[in-house]
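*Asks:* sequence first, predicted coordinates after that:
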Amino acid sequence: MPGRLPLVTRLLYASGSIGGNAIGRSKDLWLLYFYAPPDDADISRRTTTLAVGVVLFSIRFIEAFDDPLIGYWSDRTRSRWGRRIPFVVAATPFLSLMFVVLWFPPSHDQSMSNAIFLFGALALFHLFSTLSGGPFESLLPEIARNNEDRLSIVSWQVAFGVAGAAVALVGSGFIIDAFGFQVMAMIMATLALVFRFVALAGAWRPAVEAARTASKPPPAESFWQSIATCMRNDQFVLFLPTYIFYNMGVLMITGVMPFLVKAVLEFENEGTMTALINAVAIGMLVAVLPLFVRMAKRHGKRRMYSLGMLYAAVYFPFLFFIGFIPGIPPVVQILIYAAFLGLPLAPLQTFPNALIADLTDYDTLRTGERREGTYYATQAMFEKTASSLAPLLLAILLTLGSTTENPIGIRLVGPVAGLSTLIGYLAFRGFWLPDSVNEESVRAVRPQALERRP
């Protein structure tokens, strides 16, 4: 059994989630709303909303395909800083810069020039996000070599990620109401830059040491052969649709909140009310996180992740009924709904990175090679390809009705998000990989799994 990482190393590496969630969640929450705010206009207004949705979809779809290239590149990189660190150091400043640029469109009206600008700025933002984030995430299986360290790190990542999400989902609303979107963007970009380098400082020594003492070689095969090897991992193929559709559901629920506040609840200061809703959801996430971690140690990551999806599939559709329950003010209804959103958010925030780390260990058992970067990148490619549908589906639903007089598009987001998550739950039912992946544990669960090794 590999030795435990020092607590300070785990904390520093996990703290990178603060900055990552700050820019990621604020973008998911506000970008569509910023470029296509709701009003009472007719079809011409809705065409603008749909145009922005198409941009968000197309960029996410196109950008997904550079993930495996960058992952494969980082797998085969040789430097005195190891395989991943050079990418993170070089790309992170440009990631922060391009996030700020996103919020400075050339026109203050809802013109097509803004959609074109958004396309270019978002393409560069996602490119640098992949160059920095993909190799950074791939450090986890390299520096944490046992299940205890991985669960510890991902648990702290969730805790720090909650802080980052709170800044994005709660603090951003107050900042926007007080100072505007541009100031919000500068604050989030600064957090991303600072905490990514703080996290890198914690991972630096173990990452360099892991690269120096690695007992297994990187893949000697070509790029396409490496991708094909990943796709021959049966457990990875089962995990992919699970994460894709679970994430899609959460993204749609997150993205619809400002529209719900404006059109259904009729709040003028939508930033403040959206912040309050998100604060309630995050508060529940914080409250249940220790319970999820304890139960994962007792019952396994796989079971808790699966239960989180099943709950989300049942719960998300209740968004449709907000405001319809007699005798309860609509504001109270949405706050009650938000309180129980923390339950499906916790597994999605906690377990995927640890599950991917386990999958890379399983691949090493099967192939005798190390391709952590390719796995994280291939997962990101498929997740981005499918989750690019989230803003597009959201925009399409909003064209059905996003006003106070006709909010049907907003209400339909809940059932659609629930259906997406249900698909993920059903796909995950065949996943069997144990929490601690080694030859003995795999053979104990599935004796034939390693019979076809090269």
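*Replies:* Structure's in. What do you need? Residues are numbered from 1 along each chain as shown.
*Asks:* show me where the stretch 1-150 of the chain dips below the pLDDT cut-off.
*Replies:* Applying pLDDT under 70 to the stretch 1-150 of the chain picks out residues 1-3, 38-49, 64, 108-111.
*Asks:* ok, now with 90
*Replies:* Applying pLDDT under 90 to the stretch 1-150 of the chain flags residues 1-11, 13-17, 19-21, 24-89, 104-120, 122-123, 126-127, 129-150.
*Asks:* show me the contacts for Thr360.
*Replies:* By C-beta atoms under 8 Å, 6 or more residues apart in numbering, Thr360 lies in contact with 141, 370-372, 375. Just so you know, the C-beta spots here come from the backbone N, C-alpha and C atoms, and that holds for glycine as well.
*Asks:* 6 Å instead?
*Replies:* Neighbouring residues of Thr360 by C-beta atoms under 6 Å, 6 or more residues apart in numbering: 141, 372, 375.
*Asks:* contacting residues for the last one?
*Replies:* Which is Tyr375. 230, 360 are the contacts of Tyr375 under C-beta under 6 Å, 6+ apart.
*Asks:* at 7 Å instead, please
*Replies:* Counting by C-beta atoms under 7 Å, 6 or more residues apart in numbering, Tyr375 touches 230, 236, 356, 359-360, 363.
*Asks:* out of the residues you listed, list just those in helices.
*Replies:* 230, 236, 356, 359-360, 363 (DSSP state H).
*Asks:* Phe99: neighbour count?
*Replies:* 26 (other C-beta atoms under 10 Å).
*Asks:* got the phi/psi numbers for it?
*Replies:* phi -70, psi -40 (degrees, to the nearest 10).
*Asks:* in JSON lines, list the contacts of Tyr375 along with pLDDT.
*Replies:* Putting the contacts of Tyr375 into JSON lines (pLDDT from 0 to 100) gives the following:
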{"residue": "Cys230", "pLDDT": "83"}
{"residue": "Phe236", "pLDDT": "90"}
{"residue": "Ile356", "pLDDT": "84"}
{"residue": "Leu359", "pLDDT": "88"}
{"residue": "Thr360", "pLDDT": "86"}
{"residue": "Asp363", "pLDDT": "87"}
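*Asks:* how about stretch 183-200: buried residues?
*Replies:* 184-196, 198-200 (16 or more other C-beta atoms under 10 Å).
*Asks:* that should have said stretch 24-37, apologies.
*Replies:* Those would be 24-36, for stretch 24-37 by 16+ other C-beta under 10 Å.
*Asks:* stretch 78-85 too?
*Replies:* 81-85.
*Asks:* next SSE after the strand or helix carrying Pro258?
*Replies:* For Pro258, the element it lies in under DSSP states H and E is helix 234-259. Sequence-wise, the next helix or strand downstream of helix 234-259 (DSSP H and E) is helix 270-299.
*Asks:* what helices and strands are in contact with the helix or strand following that following helix?
*Replies:* Under the assignment DSSP H and E, the closest C-terminal helix or strand after helix 270-299 is helix 301-315. Judged by 3 or more C-beta pairs under 7 Å, 6 or more residues apart in numbering; DSSP states H and E, helix 301-315 is in contact with helix 234-259, helix 270-299, helix 342-350, helix 408-427.
*Asks:* give the helix, strand or coil label for the residue in the chain sticking out farthest from the centre.
*Replies:* The C-alpha centroid of the chain is most remote from Gly327, which lies 37.1 Å away (C-alpha atoms, centre = their mean). Assigned by DSSP: H, G, I helix; E, B strand; the rest coil, the conformation of Gly327 is coil.
*Asks:* before we move on, back to that, turn the helices and strands packed on helix 301-315 into TSV, columns for mean neighbour count.
*Replies:* Shown next, in TSV, are the helices and strands packed on helix 301-315 (neighbours: other C-beta atoms under 10 Å):
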stretch	mean neighbour count
helix 234-259	23
helix 270-299	19
helix 342-350	23
helix 408-427	22
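*Asks:* so where's the stretch 251-400 of the chain shaky on pLDDT?
*Replies:* In the stretch 251-400 of the chain (pLDDT under 90), the answer is 251-252, 254-302, 304, 308, 322-332, 334, 339, 341-396, 398-400.
*Asks:* so who does the residue lying closest to Phe119 once chain neighbours are set aside touch?
*Replies:* Distances taken as C-beta to C-beta, 6 or more residues apart in numbering put Val55 closest to Phe119, at 5.0 Å, once the chain neighbours are dropped. Counting by C-beta under 7 Å, 6+ apart, Val55 touches 115, 118-119.
*Asks:* hmm, 8 Å instead?
*Replies:* Going by C-beta under 8 Å, 6+ apart, the list of residues near Val55 reads 115, 118-119, 122.
*Asks:* among the residues you listed, which are in helices?
*Replies:* 115, 118-119, 122.
*Asks:* most surrounded residue in those?
*Replies:* Most surrounded of the ones in helices among the contacts of Val55: other C-beta under 10 Å gives Leu122, at 23 neighbours.
*Asks:* touching, it and Val52? I think so.
*Replies:* No: between Leu122 and Val52 there is no contact under C-beta atoms under 8 Å: 10.4 Å.
*Asks:* show me which of the contacts of Thr360 is closest to Glu266.
*Replies:* Distance ranking of the contacts of Thr360 against Glu266, using C-beta to C-beta, places Tyr375 first at 46.7 Å.
*Asks:* nearest to Gly16, of the contacts of Thr360?
*Replies:* Pro141 (15.6 Å).
*Asks:* okay, now that closest one: neighbour count?
*Replies:* 24.
*Asks:* Provide the secondary structure category for it.
*Replies:* At Pro141, secondary structure determined by three-state DSSP is helix.
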